[in-house]
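**Student:** sequence first, then the predicted structure, then my questions.
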Amino acid sequence: TAAELDASAEDSLQRLRADVPAAKDLLKRSAGALVFPKVYKAGFIVGGEIGEGALRAGNKTLDYYNISAASYGLQIGAQSMTLILLFMEKAALDKFRAGSGWEVGNDMSVAVVDQGEAKGLSSTTFDKPVVAFVLDQKGLMANMALEGTKFTKIRKDK
């Protein structure tokens with residue numbers, strides 16, 4: 001439900017603040033955060049990725065989205081993770097919200113930071129309009145790329 005997703009999204013943002021020193025400042029400066037508390041990815045030659053998230057600005061949810069991707073190639077494994085995209089420019093957030101769907105690589109470039117890299121970064125390190133943090137990776141998958149990942153607005157029951 002929407003309430004469960006909102007609570008999970010807020011928990012994920014709290015973990016980001018606790019685990020990444022620069023996150024507090026980045027969250028304050030960002031126009032919004034798209035939070036996917038659980039993203040599941042699996043593949044054996046053909047792969048896929050799915051999850052649901054909440055777009056938050058201030059302390060409220062603006063919209064809900066799903067994430068999906070398909071891939072083909074040398075891959076094997078499965079994993080789950082938390083994915084948080086910070087829109088560092090209002091124009092980037094407005095462009096994201098204006099469309100019915102949004103694809104990384106085609107619509108905008110995103111700086112992707114995994115949990116290990118994030119600990120040593122400062123809030124001035126990023127020059128992209130969108131910064132993505134990957135947290136809580138569990139399982140084993142050979143690659144982590146957002147290129148070609150599609151975000152689509154969805155409706156959630158309260």
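**Tutor:** Thanks, I have it.
**Student:** now tell me which helix or strand of this protein has the poorest mean pLDDT.
**Tutor:** Lowest on mean pLDDT, DSSP states H and E among the helices and strands of the chain sits helix 115-118, with a mean of 54.
**Student:** so which elements touch the helix or strand just after it?
**Tutor:** The C-terminal neighbour of helix 115-118 among helices and strands, as given by DSSP states H and E, is strand 130-141. On a contact count with 3 or more Cβ pairs under 8 Å, 6 or more residues apart in numbering; DSSP states H and E, strand 130-141 meets helix 2-19, strand 32-57, strand 60-87, strand 110-114, helix 115-118. From N, CA and C alone the C-beta is placed, and that goes for glycine too.
**Student:** can you rerun that using 6 Å?
**Tutor:** When contacts are defined as 3 or more Cβ pairs under 6 Å, 6 or more residues apart in numbering; DSSP states H and E, strand 130-141 packs onto strand 60-87, strand 110-114.
**Student:** export these to TSV and tack on mean neighbour count and distance to residue 19?
**Tutor:** Putting these into TSV (neighbours: other Cβ atoms under 10 Å; distance: least, Cβ to Cβ, whole Å) gives the following:
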stretch	mean neighbour count	distance to residue 19
strand 60-87	18	10
strand 110-114	17	11
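**Student:** out of those strands, nearest to residue 137?
**Tutor:** Comparing the helices and strands packed on strand 130-141 against residue 137 with Cβ to Cβ, the closest turns out to be strand 60-87 (4.6 Å).
**Student:** run through the chain and note the low-pLDDT ranges.
**Tutor:** 104-127, 139-148, 158 (pLDDT under 70).
**Student:** nearest residue to residue 42 other than its sequence neighbours?
**Tutor:** residue 78 (4.0 Å; Cβ to Cβ, 6 or more residues apart in numbering).
**Student:** actually residue 47, sorry about that
**Tutor:** Closest to residue 47 by Cβ to Cβ, 6+ apart is residue 71, at 4.4 Å.
**Student:** residue 61 bridge partners, please.
**Tutor:** As for beta bridges, residue 61 partners with residue 56 under DSSP bridges.
**Student:** any idea how far it is from residue 151?
**Tutor:** 15 Å (Cβ to Cβ, to the nearest Å).
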